[in-house]
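>>> compute the structure for the input listed below.
(2 chains)
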Amino acid sequence: MVMANCKLTDCTVAEDGRCLEGRGGDCPNLLADSSPVPLATQPSPVDNSNLNASVHYPPVETLHLGVPLEIADAQEFCRRGRAIVVTLVGMTETGKTSLLARFHQLFQSGPVGGYDFAGSRTLPRFEELNWLATIESGVGTPRMEHSSRQYDNSFLHFTVRERVIGSEPFDILLNDISGETFPEVIAAESVCEQLLCLSRADHLAVIVDGAAITKRHLRHDHVAKAMNFVQRVLQTGQINKQTVLHLIITKLDELSKEEQKAENLEAAEKLETDFKVQFSSRVARIHCWRLAARPLDGSMPTEEIVTQLFSTWAGSTCRYENGSTPLGSIEHARDFCRFGS
Amino acid sequence: MEEKAHNVLIVGLPEAGKTSFIHAVDDLLQNPPSPEALRICGLASDRTYLERDKERFRAGLKLEGTKRAAQGAPPELWFEDPRTGRKGRLFIPDMSGEVFQDQWINREWTESYRNDLKAVSGMLVFVRADVPSSNQELLGKMIGLVPNEGKAPPWDPKKASPQVQLVDVLQFIAIKGQFPRPLRVAVLISAWDTVGKPGNRQPKAPIPFLAKEWPLLDQYLRANSETFTVRVYGVSALGGDEEELKELSKLPPQDRVKFVEGTQESKDLTCPLRWLLCLD
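Down below sits the predicted model:
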């Protein structure tokens, strides 16, 4: 397999095939270097030690890589039919990745919210995200890697199909914006404008760390940043009255601990109320959720709530009202235009 | 008399029971369990591959895993359908499970494999009844039972959940393969003898078994009905585990096999092939 190099020093396209700007093979920063770079991070299972130059390998064909999809790939999905884009944002360690990993785990146990798993181009990435939460990995306590800034303009992917006769499969594209980027968006509009996927999002999920709400020295900053983020993206026009807004308070196990429980719940309720008061008239709908995707206190994940959340994402949006035909009233009738350029 | 060639693709991860099944079908064609069952109508000119492990299989011994490297002529079985008089040649390349695992890990396959998909009449997908389909998640009371010891081992795709690997391999076929759709797919749940053991609480019929024990695969196949038409069977090509085979081996191989479709038990392992090849 051949992978190009990039003239941008931060870009890791030569190592993992990911374009920093999410532009794929059309990126103007790619260098015309065709030196082959092994794509797989794993060593080849074939022992090459005794091979000499005269050995001929049969021609091979590259398959989908399993890494997060770039914007160009997402545009393909949007062109071919119904595709729902969900953007997840939040501070670092709020549980965004745990939530994404939970969807993958749920599908491994059966249909989720009335939807069958019909495919995914990013299964290896989902498995990688889950690895340190499995017994096979050998860890004693589940760990989760932080979402990387590298994936700000990329997507995890599911194809699903509702379990009713006559339903059609459709795609769900999950855009996970890193916790490092989150405060920078609030700080600078220019950073916000680099979030190219956000303007195509049918759903924006703002994740707030329930554990941070329980800590007085963190609570106010986390709450304010969640509000500021929405304010910022409304101001830039990246979300609007066609976007469904979700406030997701994670780590319900921490939030519900007996110690100062009333105070914690009151703070959570105030945040939810403020969200509704401030933003209801400026977005399509607001949903508030409290969940635990991967609790560490010995309790089990709130699978029912996670399932409802998934089902809400997969259900009707302002772009698609229970069908595959985009609504005529939507701005930017050609979906893929909205990914920015 | 027409003698049509049929190519069947066998897909499964390592040790899924693919080779044992081929041997069992070969022996069953030679000793059909009923007057209507498919039967042999001659021996293929090259049976080298089949004869290599025949002695071990008939003795009820565990077969060595199939090697990745090319193995010469693929197993070829000549059969006749007594109900119609139709004869055919069945090609079942016994691909190593590691080949499919390599596809998952390296994200590539050979062009010749892709080209061969054009000629397949159907696909046999093997999963095991006695192997978990997913890695177990650290949840609830299991958290903290094992102390964290230093750096966690790096992600190794080879250790991904088996059903995830298998689904991705099928996605490769669905996305890149050029074959008439929908393709008939027989899912064979091997080691089916383990399901009936005392204390086993798994579903006793193959379809609910797949839905409960291999849910991702089950959903994927059902949700892609434009690409795959699926039937699910339980099979035990050997008839039992190593210990049980000490006793079972007094029977000829064709009498040891177990086969389940729906709630019906029989010994006719050729049923899935009959369906795949549209002989019914």
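>>> buried sites along the one helix or strand B:A5 maps to?
Assigned by DSSP states H and E, B:A5 falls within strand B:3-12. Residues B:6-12 are the ones in strand B:3-12 that count as buried (16 or more other C-beta atoms under 10 Å in any protein chain shown). In this view, the C-beta of every residue, glycine as well, is placed from N, C-alpha and C.
>>> partner strands of that strand and their direction?
Taking DSSP bridges as the criterion, strand B:3-12 forms sheet pairs with strand B:87-91 (parallel), strand B:120-128 (parallel).
>>> check which element follows the host helix or strand of A:V223 along the chain.
Using DSSP H and E, A:V223 falls within helix A:216-235. Remark: after helix A:216-235, the chain's next helix or strand is strand A:244-250, criterion DSSP H and E.
>>> packing partners of the following helix or strand past that next one?
Counting by DSSP H and E, the next helix or strand C-terminal to strand A:244-250 is helix A:252-255. The contact analysis (3 or more C-beta pairs under 8 Å, 6 or more residues apart in numbering or on different chains; DSSP states H and E) places helix A:252-255 against helix A:210-213, helix A:261-279.
>>> wait, which of the ones you listed is closest to chain B?
Checking the helices and strands packed on helix A:252-255 against chain B by C-beta to the nearest C-beta gives helix A:210-213 as the closest, at 15.9 Å.
>>> and the closest one, what does it pack onto?
helix A:216-235, strand A:244-250, helix A:252-255, helix A:261-279.
>>> and it, what's buried?
A:210-213.
>>> can you lay out those as CSV showing pLDDT?
As requested, the buried residues of helix A:210-213 are exported to CSV (pLDDT from 0 to 100):
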residue, pLDDT
A:G210, 96
A:A211, 95
A:A212, 96
A:I213, 96
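>>> looking at those residues, which one is closest to A:T312?
A:G210 (19.4 Å; C-beta to C-beta).
>>> quick check: which element contains A:A205?
Here A:A205 is assigned to strand A:203-209, by DSSP H and E.
>>> list the contacts of that strand.
Outside strand A:203-209, the residues within contact range by C-beta atoms under 8 Å, 6 or more residues apart in numbering or on different chains are A:84-91, A:93-96, A:99, A:198, A:218, A:222-223, A:226, A:229-230, A:233, A:239, A:243-251, A:271, A:283, A:312-313, A:317.
>>> in chain A, which spans are strands?
Assigned by DSSP state E, the strands in chain A fall at A:5-6, A:30-31, A:60-62, A:83-90, A:115-119, A:156-162, A:170-176, A:203-209, A:244-250, A:285-290.
>>> mind putting the ones you listed in JSON lines, mean neighbour count and distance to B:R89 included?
Output for those, formatted as JSON lines (neighbours: other C-beta atoms under 10 Å in any protein chain shown; distance: least, C-beta to C-beta, whole Å):
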{"stretch": "strand A:5-6", "mean neighbour count": "18", "distance to B:R89": "51"}
{"stretch": "strand A:30-31", "mean neighbour count": "16", "distance to B:R89": "50"}
{"stretch": "strand A:60-62", "mean neighbour count": "14", "distance to B:R89": "28"}
{"stretch": "strand A:83-90", "mean neighbour count": "26", "distance to B:R89": "45"}
{"stretch": "strand A:115-119", "mean neighbour count": "25", "distance to B:R89": "34"}
{"stretch": "strand A:156-162", "mean neighbour count": "24", "distance to B:R89": "37"}
{"stretch": "strand A:170-176", "mean neighbour count": "25", "distance to B:R89": "42"}
{"stretch": "strand A:203-209", "mean neighbour count": "25", "distance to B:R89": "54"}
{"stretch": "strand A:244-250", "mean neighbour count": "25", "distance to B:R89": "58"}
{"stretch": "strand A:285-290", "mean neighbour count": "18", "distance to B:R89": "59"}
